[in-house]
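predicted model, plus sequence, below.
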Amino acid sequence: MFLQITAHLRQRTELLLQGNYAPIVAQYVYPLPMYLGESRVIVRTPEEATGMLCLLRAAYLERGVVTLLPRVTAVGLPREGRFRVWVDWQELALPAEESRSSSVIYYCRSTPAGLRIEMVNYTRVSMPELNPHFAALALSA
């Protein structure tokens, strides 16, 4: 299961860095609660999610991020098709001093159409400077 989830996350990062948001936002369940450290936002629509992903991609490109490497550290036992995934993200940038990392817990659900994300909890945020921008794009919780 680790390999499947890691492959899924790698595909999402490729789509994000390419600016292809539609397949990513289709994997979320709305409304989507997001915890960004101490901040909370509710992403209510795919359009709001697209706006946040666009902002995130622009920040990555501005910092020179060339790749995002997910490392799945744990997968919770599924209960009624739901499970949690703990992921450490390494943002590799040029120049190297712009590289950062974050830690996330994804609350997922298995569906016939594939993996869906019901909630996102960033326990370590790599770009806290984006939190006010995210809050402006989504309705604050």
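Perfect, I can see it now.

run through the chain and note the low-pLDDT ranges.
Low-confidence segments of the chain, defined by pLDDT under 70, span residues 131, 133, 135, 137-141.

specify the beta-bridge partners of the most centrally placed residue in the chain.
In the chain, the centroid-proximal residue (CA atoms, centre = their mean) is Val120; its distance is 7.0 Å. On the basis of DSSP bridges, Val120 takes part in beta bridges with Met34, Tyr106.

tell me the spacing between it and Val75.
When CB to CB, to the nearest Å is the yardstick, Val120 and Val75 sit 16 Å from each other. Using the backbone N, CA and C atoms, a C-beta is placed for each residue, glycine as well.

again, but for Glu91
Glu91 sits 22 Å away from Val75, going by CB to CB.

now Glu98
Distance check for Glu98 against Val75: by CB to CB, it reads 30 Å.

which residues of the protein fall in helices?
Along the chain, the segments classed as helices by DSSP state H run 2-18, 22-25, 46-63, 131-137.

check which residues of the third one are buried.
To tie it back to what came earlier, the one meant is helix 46-63. By neighbour count, and taking 16 or more other CB atoms under 10 Å as the criterion, the buried residues in helix 46-63 are 46, 48-53, 55-57, 59-60, 63.

then stretch 83-103?
Of the residues in stretch 83-103, those buried by neighbour count under the rule 16+ other CB under 10 Å are 83-87, 89, 91, 93, 99-100, 102-103.

what does that stretch rub up against?
Defining contact as CB atoms under 8 Å, 6 or more residues apart in numbering, one finds that stretch 83-103 is touched by 5, 9, 60, 63-77, 104-108, 110, 122-127.

try 7 Å
Defining contact as CB atoms under 7 Å, 6 or more residues apart in numbering, one finds that stretch 83-103 is touched by 5, 9, 60, 63-77, 104-108, 122-126.

no further questions, thank you.
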